[in-house]
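Engineer: Sequence first, predicted model second:
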Amino acid sequence: RRSSDLQVISAGSADDPVRLLAELRDSRREVSIVLAAQSLSGLTGTRLLAQVRQVLPAAKCLLLTGWGYEPAPDAILQAIALGHIDDYVPPPVTVPDEGFHRAVTELLADWASANRPRFELVRVAGEEWAARSHEIRDLLDRNAIPFGFYPVDSEPGQALLDQAGPDATLPVLLLFDGQVLANPSNTELATALGVRTRPSLARYDVAVIGAGPAGLAAAVYGASEGLSTVVLEPEAIGGQAGTSSRIRNYLGFPTGVSGGELALRAFTQAWNFGTEYVYGNAAAGLRPEGPDLFLTLADGTEVRSRAVVIATGVSYRRLGIPSLDELTGAGVFYGAATTEAAAMKGEDVFVVGGANSAGQAAVH
C-alpha cells in the first residue's frame, strides 16, 4: 500500500458498496480500482462489479477469486466477456504477496494512463479540425510519444505560437529541448526527436518492411538469432493494431492489452536484441543483385540485405465519396478512435463499418 498517494476504503456486503461508490463519484473523488471477493453475503463479486461498471465506468475492476474451486469458471468467463472485470487474482496470503501487488499495480498504471495528465514530450498548437493537425496527433499517439495538443484559439495555443513567430505555418510544435518546428514533415519531426531516418549499415542479414505485429515479430526472431536486422516503417510502430484500444486475442496477454502497449513492448523487445529502426523513409523499390536484395527507399537511399521480409499489412478501405475524402483528418477519420476519442466529448459520432473494429471504436 502506497499510503502517501492512495487511500484504501473497505466496505462489507451489508454496507451497500454501490451506494458508497456513488457517493464518492458525486463528491468528485477519484476511484481507480474496485476489488471485490466473489463470495459476498447475498451477492457475488461478479454481479457487484457489473453494477460498479454502471456507476464508475472508468474504474478498474479486480475480482478476488479465492482458492480451490470457487468461483465457477463460467462466472469468470462471462464477466470477462461482458467487460465487467479487468482481471482476477487470488487474495493475498503472505506479506508481501508480490503476485497480488503486481496485478494491482498494472491496473493502476492502466487507469493512470487514461485518467491522469501525462508528461508532454511535444506540445502542439494547431487548428483543431485541420487534417495536418490530426496527422501530427495520430503519428505522435501511435508512436507512443507523449504530447499535448492546444487549439490555436486557446491561451496555451497562443503562447506556443508566440514562441514560433507570427508568420509560422501551422501546426507549430515545441519539443522538450526547446526546439520549435513549424509544420515539419514527418521525417523532419522524427529527426528532431532523435529517430533514425536512414540505415547505418552497408549490408544487413534481414530487412523487414513494416513494423506491425508481424514485422516486429520477424525482427525479434531475426535479431535474437544474431542476424543484423533493420525494420523500415513509414508511419507508426504497431501498424493497424496500434490503433486498437484493446486487443484480447494476442498470445501472452490473457486480460488483453492496448494496441499501443503491445506495439511498444514488441518494439522494445526487438530493439533489445539489436534491431535497427528506420522511420519515415518508405520502401519504394526492390530488386535482386547477385546473392543480395536491394531496397530503394523514398529518398533514394538503398538498403542491401541477404533477405527481405515483407510485412506491409493492410490499409483501410475508403468510402470513395469525394466530398468525404476532402474532410479526411478534419472530421472524417479512418481507424483513429484512440487518437480522437477525447476530442469527441459531447459530439455526435457516426461509425461506418460492421466488423469488430467498428464496434470497439464505438464503445471506446
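Structural biologist: All right, it came through fine. Numbers count the residues shown, from 1 in each chain.

Engineer: surely Leu293 meets Ser305?
Structural biologist: Yes - here Leu293 reaches Ser305: they are 5.5 Å apart, a contact under C-beta atoms under 8 Å. Backbone N, C-alpha and C define where each C-beta goes, glycine included.

Engineer: need the helices for the stretch 251-364 of the chain, in chain order.
Structural biologist: Using DSSP state H, counting those that start in this stretch, the helices assigned to the stretch 251-364 of the chain run over residues 259-272, 322-325, 337-340, 356-363.

Engineer: now those in TSV, with mean neighbour count?
Structural biologist: Output for the helices of the stretch 251-364 of the chain, formatted as TSV (neighbours: other C-beta atoms under 10 Å):
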stretch	mean neighbour count
helix 259-272	19
helix 322-325	10
helix 337-340	19
helix 356-363	14
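
Engineer: Out of the ones you listed, flag the one nearest Phe147.
Structural biologist: When those are compared by C-beta to C-beta, helix 337-340 sits nearest Phe147, at 10.6 Å.

Engineer: For that closest one, name the packing helices and strands.
Structural biologist: helix 131-142 (3 or more C-beta pairs under 8 Å, 6 or more residues apart in numbering; DSSP states H and E).

Engineer: how about 10 Å then?
Structural biologist: Packing contacts for helix 337-340, counted by 3 or more C-beta pairs under 10 Å, 6 or more residues apart in numbering; DSSP states H and E, involve helix 131-142, helix 356-363.

Engineer: Am I right that Thr46 sits in a helix?
Structural biologist: Yes - assignment of Thr46 by DSSP: H, G, I helix; E, B strand; the rest coil places it within a helix.

Engineer: So it versus Tyr88, what's the distance?
Structural biologist: Applying C-beta to C-beta, to the nearest Å, the value for Thr46 to Tyr88 is 9 Å.

Engineer: try Gly256
Structural biologist: From Gly256 to Tyr88 the distance is 13 Å (C-beta to C-beta).

Engineer: Mutual contacts of the two, please.
Structural biologist: Ile80 (C-beta atoms under 10 Å, 6 or more residues apart in numbering).

Engineer: higher neighbour count, these two?
Structural biologist: Between Gly256 and Tyr88, Tyr88 has the larger neighbour count (other C-beta atoms under 10 Å), namely 22 against 19.

Engineer: three-state assignment of the residue nearest to that one when sequence neighbours are not counted?
Structural biologist: Leaving aside its chain neighbours, Tyr88 sits nearest to Leu63 (4.2 Å; criterion: C-beta to C-beta, 6 or more residues apart in numbering). Three-state assignment for Leu63 (three-state DSSP): strand.

Engineer: just checking, Leu63 touches Ile80?
Structural biologist: Yes - the pair formed by Leu63 and Ile80 meets the contact definition of C-beta atoms under 10 Å, at 9.3 Å.

Engineer: The two: which is more packed in?
Structural biologist: Leu63 (26 against 19).

Engineer: Against Ser224, how distant is that one?
Structural biologist: According to C-beta to C-beta, Leu63 and Ser224 sit 36 Å apart.

Engineer: do Asp141 as well
Structural biologist: Relative to Ser224, and taking C-beta to C-beta, Asp141 is found at 29 Å.

Engineer: what about the longest helix anywhere in the chain, average pLDDT?
Structural biologist: Among the segments of the chain that qualify as a helix by DSSP state H, the longest is helix 98-115. Throughout helix 98-115, pLDDT has a mean value of 90.

Engineer: For that helix, which helices and strands make contact with it?
Structural biologist: strand 33-37, strand 60-64, strand 87-89, helix 259-272.

Engineer: cutoff 7 Å now
Structural biologist: Helices and strands touching helix 98-115, by 3 or more C-beta pairs under 7 Å, 6 or more residues apart in numbering; DSSP states H and E, are strand 33-37, strand 60-64, strand 87-89.

Engineer: Show me the contact partners of that helix.
Structural biologist: Ser32, Ile33, Ala58, Lys60, Leu62, Asp86, Asp87, Val89, Pro92 (C-beta atoms under 7 Å, 6 or more residues apart in numbering).

Engineer: now it: how far from the chain's centre is it?
Structural biologist: Centroid separation for helix 98-115 versus its chain: 16 Å, with C-alpha atoms, centre = their mean, to the nearest Å.

Engineer: residue ranges for the strands of the stretch 151-300 of the chain, please.
Structural biologist: 172-175, 180-182, 204-209, 229-233, 276-279, 283-289, 292-297 (DSSP state E, counting those that start in this stretch).

Engineer: Let me know which of those strands is the nearest to Ser244.
Structural biologist: It is, among the strands of the stretch 151-300 of the chain and with distance given as C-beta to C-beta, strand 229-233, at 17.3 Å.
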